[in-house]
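Engineer: model the structure of this input:
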Amino acid sequence: MELEDLVRPEGVIAHLKVTSKKQALQELSERAAKLTGLSERAIFETLLERERLGSTGVGQGIAIPHGKLGDIDRLYGLFARLDTPIDFESVDDQPVDLVFLLLAPETAGADHLKALARISRLLRNQAVVEKLRASEDGAALFAILTEPAATNAA
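Structural biologist: From the prediction side, this is the model:
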């Protein structure tokens, strides 16, 4: 699974201005609703429900919020670089500044897990993460996320 199958250029946010985890999830839900045609509220509630099971802040300033929805026909990804790191209740207690949101159909099963694994591998690549943190515009972020060298090394 390639990341360009999940995230489109319009799903990359270079400067997300939020001050809390809840606000970040709200803003991302709003953007995701525009891309998917789904209800912003349904997306937000799905993400909150998942966060209640345990934070999706995976450490090193990275969060991968995700959820399954019944009315979605394929996997969708959004990526955001936050202007200011926020508390995300991460496993390492470090504030988060990079967020990759993944939405999947309820029937996705293995595809959802494969996508999460792919995103995790990419965001564990320190060189990729440093490039993402240094980039200032959406086009550059999209290029980093989808460049073959990054995804193959991940």
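Engineer: check the offset of stretch 26-40 from the chain's centre.
Structural biologist: Per Cα atoms, centre = their mean, to the nearest Å, the displacement of stretch 26-40 from the mean C-alpha position of its chain is 13 Å.
Engineer: how about that stretch: buried residues?
Structural biologist: 26, 27, 28, 29, 31, 32, 33, 36, 38, 40 (16 or more other Cβ atoms under 10 Å). Bear in mind the C-beta positions are built from the backbone N, C-alpha and C, glycine included.
Engineer: can you give the contact residues for the helix or strand the third one falls within?
Structural biologist: Read that as residue 28. Element membership for residue 28 (DSSP states H and E) is helix 21-36. Under the contact criterion Cβ atoms under 8 Å, 6 or more residues apart in numbering, helix 21-36 has outside partners 8, 10-11, 13, 16, 18, 38-41, 43-44, 47-48, 51, 63, 65, 72, 76, 78, 80, 82, 86-89, 96, 99, 101, 103.
Engineer: pull out the buried residues from those.
Structural biologist: Here, 16+ other Cβ under 10 Å leaves 11, 13, 16, 18, 38, 40, 43-44, 47-48, 51, 63, 65, 72, 76, 78, 80, 82, 86, 88, 96, 99, 101, 103 buried among the contacts of helix 21-36.
Engineer: does the residue nearest the centre of the chain sit in a helix, a strand or a coil?
Structural biologist: Nearest residue to the geometric centre of the chain (Cα atoms, centre = their mean): residue 100, 1.3 Å. For residue 100, the assignment made with DSSP: H, G, I helix; E, B strand; the rest coil gives strand.
Engineer: now swap in residue 41 and tell me
Structural biologist: Assignment for residue 41 (three-state DSSP): helix.
Engineer: tell me the contacts of it?
Structural biologist: residue 29.
Engineer: and it, how far from residue 69?
Structural biologist: 11 Å (Cβ to Cβ, to the nearest Å).
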